[in-house]
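>>> whatever this is, show me its structure:
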Amino acid sequence: MTYLYFLTEVTNSHMEKREQIIVAIKDQGLMPLFYHKDEETCVSLLHALYAGGVRLIEFTNRGEGALLNFAAMRRAATQYKDLFIGAGTMKTEADALSFLDAGADFLISPALIEDVFDVAYNNKILWIPGCMTPTEIAKAETMGVKLVKLFPGSVLGPSYMKAIKDLFPNIAFMPTGGVEPTTENLGQWFGAGVVAVGLGSNLIPAEFKVLDGLAPLTNKAREILKMIKQIKITSKK
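As a prediction, this is how the structure comes out:
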């Protein structure tokens, strides 16, 4: 009985964390995502985004030192009890397991990759797959997915979101790729029914250098969060 009770408690704890992250994504409305090969820069970006009000970050597995840099960010984030850091571009079981071992709070894939789903399912971790077609979204729904990354957003567009939303009332959507941090574009996406947007190079340029200062990024993140909050308030009226 004690063992079964322990298993139930652990399962409930993981379920609670997954739901907590989904709620945080919906509340924030923004998923900043980036990769940088320099460890110091990665940690600096984390601090700058947090200072701007960001409480969820996706670090993408897209190059040299990604795992080591993610681990450094995870260590730096111990001072932020309300910050979730996820691992993006998860395409293999091995990578998913490695980033979970490094402390990933959630996993994001560019496609509906079942090997990564298996890792997330077995470890009771939130997994957000990238989907493009209704067929992929329907399959994700049968797998128990609650939040889908619409990818690439630049190809699909807000009109696509509006067209499929009613078909999947139990799925939340987050477009990534080509989303622009403007009142017009964000207004179109949220007006179409998304719960959040992913922003990469339109928030953090690939050529970002710490020497140029962190204040501009902090201010930009703060402004975008404020913009999204106002758009969400307006859309409810």
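
>>> select the helix or strand of the protein having the lowest average pLDDT value.
Lowest by mean pLDDT, DSSP states H and E among the helices and strands of the chain is helix 2-28, with a mean of 70.

>>> pairing partners for the helix or strand just after that one, with directions?
Next helix or strand after helix 2-28 toward the C-terminus (DSSP states H and E): strand 30-34. Here strand 30-34 is paired, per DSSP bridges, with strand 56-60 (parallel), strand 197-199 (parallel).

>>> okay, now the unreliable bits of this protein?
Applying pLDDT under 70 to the chain picks out residues 1-15, 237.

>>> ranges for the strands of it?
30-34, 56-60, 84-88, 106-108, 126-128, 130-131, 147-150, 172-175, 197-199 (DSSP state E).

>>> what's the closest of those strands to residue 16?
Minimum separation from residue 16 across these (C-beta to C-beta) falls at strand 126-128, 11.2 Å. (Glycine included, C-beta is placed from N, CA and C.)

>>> contacting residues around the residue nearest to residue 36 when sequence neighbours are not counted?
Counting by C-beta to C-beta, 6 or more residues apart in numbering, residue 36 lies nearest to residue 42, which is 5.1 Å off, once chain neighbours are set aside. By C-beta atoms under 8 Å, 6 or more residues apart in numbering, residue 42 lies in contact with 36, 59, 69, 70, 72, 73.

>>> out of those residues, which sit inside helices?
Judged by DSSP state H, those include 69, 70, 72, 73 as members of helices.

>>> and which of the residues you listed is nearest residue 26?
Distances from residue 26 to these, taken by C-beta to C-beta, are shortest for residue 73, at 23.3 Å.

>>> tell me the contacts of that closest one?
42, 43, 46, 57, 59, 85.

>>> any chance of these in a markdown table, plus distance to residue 78?
As requested, these are exported to a markdown table (distance: C-beta to C-beta, whole Å):
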| residue | distance to residue 78 |
| --- | --- |
| 42 | 15 |
| 43 | 12 |
| 46 | 11 |
| 57 | 14 |
| 59 | 16 |
| 85 | 11 |
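
>>> neighbour-wise, which one of those residues leads?
With neighbours taken as other C-beta atoms under 10 Å, the top of these is residue 59, carrying 28 neighbours.

>>> mind listing what's buried along stretch 191-202?
Buried positions in stretch 191-202, judged by neighbour count with 16 or more other C-beta atoms under 10 Å: 192, 194, 195, 196, 197, 198, 199, 200, 202.

>>> what is the nearest of those residues to residue 159?
residue 192 (7.3 Å).

>>> show the contacting residues for the closest one.
Counting by C-beta under 8 Å, 6+ apart, residue 192 has contacts 158, 159, 161, 162, 165.

>>> at 7 Å instead, please
158, 161, 162, 165 (C-beta atoms under 7 Å, 6 or more residues apart in numbering).

>>> can you tell me how far the closest residue to the third one other than its chain neighbours is from residue 186?
In space, residue 162 comes closest to residue 192 once its chain neighbours are excluded; the distance is 4.2 Å by C-beta to C-beta, 6+ apart. Distance of residue 192 to residue 186, given as C-beta to C-beta, to the nearest Å: 11 Å.

>>> need the strands paired with strand 30-34 in CSV (columns: distance to residue 95).
Below are these laid out as CSV (distance: least, C-beta to C-beta, whole Å):
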stretch, distance to residue 95
strand 56-60, 11
strand 197-199, 19
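
>>> between those strands, which gets nearest to residue 91?
strand 56-60 (10.9 Å).

>>> okay, angle between that closest one and strand 84-88 too, please.
Angle of strand 56-60 versus strand 84-88, following axes from the mean of the first three to the mean of the last three C-alpha atoms, to 10 degrees, is 30 degrees.

>>> hmm, who's touching strand 56-60?
Residues contacting strand 56-60 (C-beta under 7 Å, 6+ apart): 24-25, 28, 31-35, 46, 49, 70, 73, 84-89, 108.
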